[in-house]
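Engineer: Take a look and give me a structure for this.
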Amino acid sequence: MRITVFRRLMAEEFGSGRAEILSKDHVFSGLGGRTVEQALAAGTPAKEIWREVCAAFDVPPERR
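Structural biologist: Predicted coordinates for the structure are as follows:
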């Protein structure tokens, strides 16, 4: 998954403002105690990050 696709999915699911805040501020235990931005900078695949976001926020399976 491309990062642009990941960011589009985040914006569609949470709204652009909230998606940006979640990416910068929310720490995910499933990402090693990192935020989305930190995980992306560390080279974690966007698809793996999206899965973690979906699990953490109970995104319905049809939107994962």
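Engineer: Work out for me the element Val53 sits within.
Structural biologist: Secondary structure assignment for Val53, by DSSP states H and E: helix 46-56.
Engineer: In that helix, which residues are buried?
Structural biologist: With burial defined by 16 or more other Cβ atoms under 10 Å, the residues of helix 46-56 counted as buried are 46, 49-50, 52-54. Every residue, glycine included, has its C-beta placed from N, CA and C.
Engineer: Pull the number of nearby residues for Arg20.
Structural biologist: Just so we're on the same page, residue 20 is Glu rather than Arg. Number of residues near Glu20 (other Cβ atoms under 10 Å) recorded here: 16.
Engineer: what's near enough to touch it?
Structural biologist: Listed by Cβ atoms under 8 Å, 6 or more residues apart in numbering, the contact set of Glu20 is empty.
Engineer: Now do it against Gly33, distance only.
Structural biologist: 20 Å (Cβ to Cβ, to the nearest Å).
Engineer: Tabulate the buried residues of helix 46-56 (TSV), appending pLDDT.
Structural biologist: Converted to TSV, these look like this (pLDDT from 0 to 100):
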residue	pLDDT
Ala46	98
Ile49	98
Trp50	98
Glu52	98
Val53	98
Cys54	98
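Engineer: Looking at these, which is nearest Ser16?
Structural biologist: Set against Ser16, the nearest of the buried residues of helix 46-56 by Cβ to Cβ is Val53 (14.9 Å).
Engineer: That closest one reaches Arg18, doesn't it?
Structural biologist: No - at 11.8 Å, Val53 does not count as touching Arg18 under the criterion of Cβ atoms under 8 Å.
Engineer: Neighbours of Phe6, how many?
Structural biologist: Neighbour count of Phe6, defined by other Cβ under 10 Å: 20.
Engineer: All good on my end, thank you.
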